[in-house]
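Chemist: A predicted structure for the sequence below; I have some questions about it.
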Amino acid sequence: MSNVQEVVHRCIHPLTKITSNQARWVNKHGSLKLKDLVPEGDFQWQLALDPCNDKAATLHSIKLAPSSSFTNRANIDQAATLTLKLHMQDPHWEFTEIIFNPDASTRVYTELPQHNAPIGNLIMAQVDLADRKLATITIRIPSQHPQMDLSPSSPVFEFFVRGKHLQTGQYFCTEEINILT
């Protein structure tokens with residue numbers, strides 16, 4: 001069977017205002033695994049998303065309703081490759097890291113786990129942050145994997161976004177686990 005490939009573009013608009021008393025990021029999920037992944041000292045980062053495409057990415061405002069999403073898998077025999085491109089719309093910010101939820105009901109791996117899990121049944125993600133204004137996240141779901149739901153609230157999209165404010169040098173992390181919903 002062929003591989004289903006989809007690409008979705010989303011504009012990112014930071015809503016966080018820089019102040020002298022920034023709110024620190026809090027591990028409100030209580031996850032010990034997550035505590036190890038988000039550096040202590042990060043501040044809370046609020047983001048808004050717009051649907052967009054490459055050519056018009058800078059033309060959208062946060063008033064547009066997010067409606068762009070992936071199509072659910074209809075056939076378990078078909079693998080799926082999903083590419084999500086997050087376009088930073090504020091020149092004062094850049095992306096620094098994408099952290100997938102280590103406690104998600106359907107785990108997405110950015111590197112192979114140390115245990116001997118069958119590689120062919122893992123959902124793998126590759127994150128490209130070479131251009132700090134564009135985060136390209138490619139998620140590969142193998143055939144026979146039971147994950148069919150690819151809606152914005154799907155566990156495969158449970159990730160945190162870390163970023164850096166270029167004028168202050170401070171690091172921020174989204175507080176919510178899934179910025180697409």
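Modeler: It's in.
Chemist: who's in contact with the most centrally placed residue in the chain?
Modeler: In the chain, the C-alpha nearest the mean C-alpha coordinate belongs to Phe159, at 4.7 Å (CA atoms, centre = their mean). By CB atoms under 8 Å, 6 or more residues apart in numbering, Phe159 lies in contact with 98-101, 108, 137, 177-179. Where you see a C-beta, it was placed from the backbone N, CA and C, and this is true even at glycine.
Chemist: After the longest strand belonging to the chain, which helix or strand is next?
Modeler: When the chain is parsed with DSSP state E, its longest strand is strand 4-14. Proceeding N to C from strand 4-14, the next assigned helix or strand is helix 32-37, under DSSP states H and E.
Chemist: what's the helix or strand just after that next one packed up against?
Modeler: Remark: after helix 32-37, the chain's next helix or strand is strand 43-45, criterion DSSP H and E. Using 3 or more CB pairs under 8 Å, 6 or more residues apart in numbering; DSSP states H and E, the elements in contact with strand 43-45 are strand 159-165, strand 171-174.
Chemist: quick check: angle from the first one to strand 4-14?
Modeler: By that I understand strand 159-165. Relative orientation of strand 159-165 and strand 4-14, computed by axes from the mean of the first three to the mean of the last three CA atoms, to 10 degrees: 40 degrees.
Chemist: quick one: low-confidence ranges for this protein?
Modeler: Confidence mapping of the chain against pLDDT under 70 gives the ranges 1-2, 29, 51-68, 116-119, 181.
Chemist: Please list all residues in contact with Val38.
Modeler: 25, 27, 99, 160, 162, 173.
Chemist: redo that, cut-off 6 Å
Modeler: When contacts are counted by CB atoms under 6 Å, 6 or more residues apart in numbering, Val38 touches Cys173.
Chemist: Who are the packing partners of the strand or helix carrying Ala135?
Modeler: Assigned by DSSP H and E, Ala135 belongs to strand 134-141. Helices and strands touching strand 134-141, as assessed by 3 or more CB pairs under 6 Å, 6 or more residues apart in numbering; DSSP states H and E, comprise strand 80-88, strand 123-128.
Chemist: of all the ones you listed, which gets the most neighbours per residue?
Modeler: strand 80-88 (a mean of 21; mean count of other CB atoms under 10 Å).
Chemist: got a list of contacts for it?
Modeler: Taking CB under 6 Å, 6+ apart as the rule, strand 80-88 contacts 3-12, 57, 70, 73, 133-141.
Chemist: Figure out how far the following helix or strand past it is from the centre of its chain.
Modeler: For strand 80-88, the succeeding helix or strand toward the C-terminus, using DSSP H and E, is strand 93-100. Centroid separation between strand 93-100 and its chain, computed with CA atoms, centre = their mean, to the nearest Å, is 8 Å.
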